[in-house]
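Asks: Structure, please.
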Amino acid sequence: MRILVLHGPNLNLLGEREKAHYGSIRLSELNEQLSVCAKENGADVSTFQSNSEGVLVDRIQEARSSGIDAIVINAAAYTHTSIAIRDALLAVKIPAVEVHLSNIYRREKFRHHSLLADVVIAQVTGFGPQSYILGMLGIIKHLEEDLKRKGQTL
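Replies: From the prediction side, this is the model:
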């Protein structure tokens, strides 16, 4: 199983900004936790961060041709604004999970609406870095069950 984890804008500043919302973990530490979790669960993970909407769209589109089986995405602020990221997720037809470090529904009203929620298989919010881990474990389980339904194994 190959999983792509996408980090959106400003997540490169994890550990430095708004620690009350995002905690003190750095992006490199989070990526290391994701790598360990993936390995322990029989998956390979690649991570990618960009502050640019178009670059994230490009990476989602590249996922289809590079053999990615699932996407875990924290589109950050683009969650609430990006039809382009939404359309890219729809176009590639790769199962995806939306994750957020903070609970977007307990924050400012403009953060309460996700343009991605209806095109991903699940959403995990509010557990800090564990949101990513839970999202990854969930998508791994989803892929395993999908293979079972098709009569295949890993």
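
Asks: how close does the residue lying closest to Arg111 once chain neighbours are set aside sit to Tyr132?
Replies: Spatial nearest neighbour of Arg111, chain neighbours left out: Ile104 (4.5 Å); criterion: C-beta to C-beta, 6 or more residues apart in numbering. The way it works is simple: take the backbone N, C-alpha and C, and place the C-beta from them, glycine included. Per C-beta to C-beta, to the nearest Å, Ile104 is found 15 Å from Tyr132.

Asks: Over to Arg26?
Replies: When Arg26 is compared with Tyr132 (using C-beta to C-beta), they lie 13 Å apart.

Asks: more neighbours, these two?
Replies: Tyr132 (26 against 14; other C-beta atoms under 10 Å).

Asks: circling back: the residue nearest to Arg111: what's it in contact with?
Replies: 79, 111-112, 114, 125-126 (C-beta atoms under 8 Å, 6 or more residues apart in numbering).

Asks: at 7 Å instead, please
Replies: 111-112, 125 (C-beta atoms under 7 Å, 6 or more residues apart in numbering).

Asks: ok, now His100?
Replies: 74, 125, 131.

Asks: which residues sit against the helix or strand encompassing Ser28?
Replies: Taking DSSP states H and E as the definition, Ser28 sits inside helix 27-40. Applying C-beta under 7 Å, 6+ apart, the contact partners of helix 27-40 are 3, 5, 7, 11-12, 14, 44-45, 47, 49, 129, 132-133, 136.

Asks: what helices or strands is the lengthiest helix in the chain leaning on?
Replies: Counting residues, the longest helix found in the chain (DSSP state H) is helix 130-149. Secondary-structure packing of helix 130-149 (3 or more C-beta pairs under 7 Å, 6 or more residues apart in numbering; DSSP states H and E): strand 2-7, helix 27-40, strand 70-74, strand 96-100, strand 122-125.
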